[in-house]
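**Q** this one's sequence-less:
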């Protein structure tokens with residue numbers, strides 16, 4: 001995902017969450033209604049990081065290793 005540096009990331013995240021929530025409720029309302037009392041799927045928090053200078057493959061390996069309890073793989 002690419003986003004202009006002069007734009008607020010909080011607006012992007014809010015729009016992504018809102019769009020995803022509306023789409024999910026529209027497509028899966030019966031199932032979601034059994035799990036959620038309110039129509040809230042997301043928390044108000046989010047995490048954003050940049051990762052310049054690495055390839056997509058290097059990034060994938062890094063992310064995959066985050067769940068690995070063997071610290072020697074990091």
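**A** Cool, got the structure. Everything quoted here is computed from the prediction, not taken from an experiment.
**Q** Show me what the longest helix along the chain packs onto, helices and strands only.
**A** If you go by DSSP state H, the chain has its longest helix at helix 9-35. On a contact count with 3 or more CB pairs under 8 Å, 6 or more residues apart in numbering; DSSP states H and E, helix 9-35 meets no helix or strand. Placement of C-beta: from N, CA and C, glycine included.
**Q** could you point out which element follows that helix?
**A** Toward the C-terminus, helix 9-35 is succeeded by helix 56-64 as the next helix or strand (DSSP states H and E).
**Q** Need the residues that contact that next one.
**A** 51, 54 (CB atoms under 8 Å, 6 or more residues apart in numbering).
**Q** wait, what's in contact with residue 8?
**A** No contacts exist for residue 8 under CB under 8 Å, 6+ apart.
**Q** Distance check, it against residue 43.
**A** 19 Å (CB to CB, to the nearest Å).
**Q** and what of residue 55?
**A** To residue 43, residue 55 is 31 Å away according to CB to CB.
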